[in-house]
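Engineer: with the sequence up front, the predicted model follows.
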Amino acid sequence: ETIYLKDYKAFGWQIEDVHLTFKLSPDATRVVSKIHFAPNPDAPEQEFFLHGEELNLIRARIDGEAVTPETDARGLRCKVPSGPFLWECEVEIAPESNTALEGLYMSGGMYCTQCEAEGFRKITYYPDRPDVMAVFTVRVEGEMPVLLSNGNLKGKGDGWAEWHDPWPKPAYLFALVGGELVNHPGAFKTMSGKDIELNIWVRPGDEGKCAFGMEALIASMKWDEEVYGREYDLDTFNIVAVDDFNMGAMENKGLNIFNSSCVLASPETSTDGNFERIEAIIAHEYFHNWTGNRITCRDWFQLCLKEGLTVFRDGQFTSDLRSAPVKRIDDVITLRARQFPEDQGPLAHPVRPESFQEINNFYTATVYEKGAEVIGMLKTLVGDEAYSKALDLYFERHDGDAATIEDWIKVFEDSTGRDLTQFKRWYSQAGTPFVEVSEAWEDGTFTLTLKQHTPPSPGQESKAPYVIPIAVGLLGPNGDEVLETQILELTEAEQSFSFEGLAARPVASVNRGFSAPVVLSHDVDRAFLLAHDTDPFNRWDASQGLAKECLLAMITTGAEPDAIWLDGLEHVLRDQTLDPAYRSLMLDLPSASELAQVLADQGVTPDPEAIWAAGDRLVKARAERWKDLLPELAKEAEVTAPYKPDAEQSGKRALGASAATLISRLDGGKAAQARFDSADNMTLQLSALGNLIRVGQGDAALAKFYEQWKDDRLVMDKWFGLQIGASEPEAALDRAEALTQHPDFDWTNPNRFRAVFGALAMHHAAFHHKSGRGYALLTDWLIKLDDKNPQTTARMCSAFQTWKRYDAGRQALIQVQLERIMAKDNLSRDTSEMVSRILAS
Ligand code: ARG
Ligand code: ZN
């Protein structure tokens, strides 16, 4: 069954208030609801339908009279009075056997919930849609010391607690937690002087891993006040860490629930990358309090209204706290690795989709990351000040609303006077635009001609031109900037922009800061940009462009590595005025998957083995070429101060790790072994271990690492993933197969499942091994997991989304596997939708 945006209809009733009582028990939790409904004056009369799935209905009453509703797999229908009435209902559910991790479930002995998007209907009968908002009062009864729900604590006693959330909210923001938890407390005074109690709740033993998360929370609260003028609005803010969780985290009102991997941190067990990610996710969920909770979405098609904006906001936060250019480069790496393949394959969909079968399949890189890029473009077009004014109006006008993208756009139109009709195409058309740049030079006038084209995507044969903000700067022949960054507004399919009065033909730096999420083709002197560009993003991207050209030549003609590029790069690496983190990013090569896409775009069928071999040859050549430079970099990058996960230290460690990785290719792992043996933080320990595995010297270190960390689930996830990710293709497959038989392979835990299969899917040459072993192994386990956890299964299916890039042999191997999934009995709606979309390409 497909749901369409165009079919939106308001619900026929409003809710005055909701009272819920939970009597917790693993196999027979009782949920009693009392809800005051009244007819919705804005909605035409309809039958009374409440969502409800996998519920055991015990009794229902209307205004005190017992009723017998009609129920089916999707919910319940009942005859109701024409005026206001009180609905009372009791259901029984079994959180212990809830392996889908949606609704109320158990993780490591504790009760917890995940309701977004449509999990509340597995808790009780309710209009489970984001445009129905209500004030909730919740009583939780259970023999546990800690019982939490949304809002403010109203009272508690032996075996019970009562919570009241004064802010009307949709059911997807409901949360409940019960268990033997301990808290890491904190406090925050808001800008208007209110004292807020903060807590991070964890299982006993994890209390030593909360300090960093608490600091990040406080920094987020402060930042949202300073930058967006947004203050927190309850007495308490609680975060809970849960080991079994399908996604990263969830912004439930006043009670954020986190995948433990996205909140728990310590120097011994977490890498610098983990720390940065945790900081960003804590900020993201906190920022949702305004962009998501106070202003929510009218329906799930509007998901990007809260997600795109909140990703954009957490990106601004990270840029402010750490390095803005490094954050921009990191974001573009992710965008190219995850969003572009989605946008250019069978799963392509607009930032605001127009139909779906299972909404959980649309928590995608397109909705989140491209959604954030669209907001970035809007800000670039209107300017910083106009953006702030528009956001003020957005909060003022829509506080308390379940809003739409139309509302959002209208706020910008009203506050800037700009017509955004064409801009709105970014929300409705799928696919990555390709922008082709050509140049002309005559009599001191330099002309750039920009041509845009967006290929067809499923259901969208032809696309109208976008408004594309292209940031451009011009450099003179000796490398100084003759024109500072300007924004060109490309609105036509083809458009020219001229720059007059130039003394000499300039070199154009186009799409600076990645001002638009497009694929650019521009025949430009990249080595010159690598040497001189004042825009740090484009300087990095010039090197990436050269890397791609070099690797493509190596792959297709067996060419030698490009010496001019490597010399230019060496110059950058030796420049100690540049941030070590930035120099480390300069050393990163484009991923194998990205190269495969570039080849496919050029009409060449990518050969994963050849891509792997070329990458390997290039790495070895770099190691040889830079054998004097590398120890110098490693020395410069040494950190002697006590560990801190801040930008400065982690940048140094990143550069040190990049150098060490190359060194390990020269010394057979000798230095890596020493690094591993002396490591006193996880960043160092893990990078050394990866180097050892890569050169075939990892077995002893892996065993030692296992002994050291076997009781720490999050560290063990790294152990599982790294030995696949760091191995040569065939070894990676052998390891993946063996690890699925390992006693610690707890495959019903999403983190552990993803540790193995995420690493396999990301290992391009292993996953696409010509034997088809990678495809078959993943499929075996997807089929197994689908009965237990459809959401995580469906997400992992995207590993196959690029299948049409490859040769007929591989396509045939993949098709067999996709059909094998489709043939499974009782295949979930989630997985069925994903696989059929992939197969349809
Ligand atoms: N709103 C959450 C976030 O972005 C994600 C929750 C998604 N959950 C899901 N089941 N699809 O932070
Ligand atoms: Zn979010």
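Structural biologist: Yep, it's here. Numbers count the residues shown, from 1 in each chain. Ligands and ions are numbered 1, 2, ... in the order given.
Engineer: which stretches in the stretch 101-250 of the chain count as helices?
Structural biologist: Assigned helices in the stretch 101-250 of the chain, in chain order: 211-228 (criterion: DSSP state H, counting those that start in this stretch).
Engineer: hey, where'd the strands end up in it?
Structural biologist: 103-107, 110-114, 134-141, 146-149, 152-157, 160-169, 176-179, 182-189, 195-202, 236-242, 249-250 (DSSP state E, counting those that start in this stretch).
Engineer: state the mean pLDDT of the second one.
Structural biologist: Going back to what we said before, that points to strand 110-114. For strand 110-114, mean pLDDT rounds to 99.
Engineer: can you tell me how far the one residue in the stretch 351-500 of the chain that gets nearest to ligand 2 sits from residue 680?
Structural biologist: Here the stretch 351-500 of the chain gets closest to ligand 2 at one residue, residue 368, 7.1 Å apart by CB to the ion. No exception for glycine: its C-beta is placed from N, CA and C like everyone else's. Distance, residue 368 to residue 680, by CB to CB, to the nearest Å: 35 Å.
Engineer: between these two, which is the more surrounded one?
Structural biologist: residue 368 (21 against 10; other CB atoms under 10 Å).
Engineer: so for the more buried one, what's the pLDDT?
Structural biologist: 99.
Engineer: for it, which three-state class applies?
Structural biologist: Taken by DSSP: H, G, I helix; E, B strand; the rest coil, the conformation at residue 368 corresponds to helix.
Engineer: leaving out chain neighbours, which residue sits closest to residue 819?
Structural biologist: residue 839 (7.5 Å; CB to CB, 6 or more residues apart in numbering).
Engineer: so which of the strands of the stretch 101-250 of the chain gets nearest residue 27?
Structural biologist: strand 103-107 (10.0 Å; CB to CB).
Engineer: ok, the closest one near ligand 1 or not?
Structural biologist: No: with CB under 6 Å from any ligand atom as the threshold, strand 103-107 lies outside contact range of ligand 1, at a closest distance of 10.7 Å.
Engineer: list the helices and strands that strand packs on?
Structural biologist: Counting contacts by 3 or more CB pairs under 8 Å, 6 or more residues apart in numbering; DSSP states H and E, strand 103-107 is packed against strand 110-114.
Engineer: show me how far stretch 98-109 is from its chain's centre.
Structural biologist: Offset of stretch 98-109 from its chain centre (CA atoms, centre = their mean, to the nearest Å): 22 Å.
Engineer: what does the stretch 301-450 of the chain put close to ligand 2?
Structural biologist: The stretch 301-450 of the chain comes close to ligand 2 at residues 307, 310, as judged by CB under 5 Å from the ion.
Engineer: circling back: residues in contact with the residue nearest to residue 819?
Structural biologist: 346, 815, 818-819, 822 (CB atoms under 8 Å, 6 or more residues apart in numbering).
Engineer: try it again at 10 Å.
Structural biologist: Residues near residue 839 by CB atoms under 10 Å, 6 or more residues apart in numbering: 346, 800, 803, 814-815, 818-819, 821-822.
Engineer: of the residues you listed, which belong to strands?
Structural biologist: Counted as lying in strands by DSSP state E, out of the contacts of residue 839, is not a single one.
Engineer: near ligand 1, list only the ones from these.
Structural biologist: Within the contacts of residue 839, nothing lies near ligand 1 by CB under 6 Å from any ligand atom.
Engineer: buried among the residues you listed? Make that a ChimeraX selection.
Structural biologist: To isolate the buried subset of these in ChimeraX, counting by 16 or more other CB atoms under 10 Å, use the following:
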select :346,800,803,814,818,821
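Engineer: next step: the contacts of residue 839 restricted to helices.
Structural biologist: 814-815, 818-819, 821-822 (DSSP state H).
Engineer: low pLDDT regions in the chain?
Structural biologist: Scanning the chain for pLDDT under 70 picks out no residues.
Engineer: which parts of the stretch 401-550 of the chain are helices?
Structural biologist: 405-416, 425-428, 526-532, 536-557.
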